[in-house]
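>>> below is the structure, and that's it, no one-letter string:
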């Protein structure tokens, strides 16, 4: 099973990208967690409805192909001013169109996040879960807020990652996990 790991942060030393790398290490046997490079989000044009017709720009086509080929997607979002970073919101907007043809439509997704603050980006996770649901994704599991991430990941963070991954796997392929 392939879980695509998408970081909402474009920063080179991103805590959320590091969190996704830790998720890869915590993945159950038989689960491949593949990091979607942040440049895949940074290179996207700003979404407008003109992108729904004619030739789709290569970065948007790449994003749609990558998101559409995954068995599930695990998003990690930082929190900017109490919400989702603009680049991540733009990526969801680009992928959610044209209506009825989106790669994210019926995709199994989970949302985690990390911040240096006490709440671990919880507001951004709640916002992203809402955005993804409206875009047509099947959002599963609970938010996994990792607070004070600059101090390192503790056992509770790893347990949250394991639970998020197990929930994604079960939701994406309930037959395989029942065997």
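Right, received. Where do you want to start? Everything numeric in this text was worked out from a predicted model, so none of it was measured.

>>> can you give me the distance of the most centrally placed residue in the chain to residue 151?
Central residue of the chain (CA atoms, centre = their mean): residue 75, 1.6 Å from the mean position. Per CB to CB, to the nearest Å, residue 75 is found 23 Å from residue 151. Bear in mind the C-beta positions are built from the backbone N, C-alpha and C, glycine included.

>>> would you mark the buried spots in whichever strand or helix holds residue 87?
Assigned by DSSP states H and E, residue 87 belongs to helix 86-95. Buried residues in helix 86-95, counting neighbours by 16 or more other CB atoms under 10 Å, are found at 87, 88, 89, 90, 91, 92, 93, 94, 95.

>>> which is the next helix or strand following the helix or strand hosting residue 33?
Residue 33 belongs to strand 32-36 when assigned by DSSP H and E. For strand 32-36, the following helix or strand on the C-terminal side (DSSP H and E) is helix 39-42.

>>> show me what that next one is packed against.
helix 58-69, helix 86-95 (3 or more CB pairs under 8 Å, 6 or more residues apart in numbering; DSSP states H and E).

>>> report the inter-axis angle for the first one versus strand 32-36.
What it means is helix 58-69. 160 degrees (axes from the mean of the first three to the mean of the last three CA atoms, to 10 degrees).

>>> pLDDT of stretch 81-92, averaged?
Taken as a whole, stretch 81-92 carries a mean pLDDT of 96.

>>> OK, contacts around the closest residue to residue 49 other than its chain neighbours?
Once flanking residues are discounted, residue 49 sits nearest to residue 97: 7.5 Å by CB to CB, 6 or more residues apart in numbering. Taking CB atoms under 8 Å, 6 or more residues apart in numbering, we find residue 97 in contact with 47, 49, 51, 52.

>>> what about residue 97, helix or strand, and which?
Per DSSP H and E, there is no helix or strand for residue 97.

>>> I'd like the mean pLDDT over the helix of greatest length in the chain, please.
In the chain, taking DSSP state H as the definition, the longest helix is helix 155-172. For helix 155-172, mean pLDDT is 91.

>>> run the angle between it and strand 32-36 for me.
Using the same axes, to 10 degrees: helix 155-172 against strand 32-36 is 100 degrees.

>>> returning to what we had before: for residue 12, which of the helices and strands packed on helix 39-42 is the nearest?
When the helices and strands packed on helix 39-42 are compared by CB to CB, helix 86-95 sits nearest residue 12, at 14.2 Å.

>>> for that closest one, packing partners?
For helix 86-95, the packing partners by 3+ CB pairs under 8 Å, 6+ apart come out as helix 39-42, helix 58-69, helix 122-135.

>>> if we can go back for a sec, distance from the chain centre to the helix holding residue 87, please.
11 Å (CA atoms, centre = their mean, to the nearest Å).

>>> next, the angle from that helix to helix 122-135.
Relative orientation of helix 86-95 and helix 122-135, computed by the same axes, to 10 degrees: 10 degrees.
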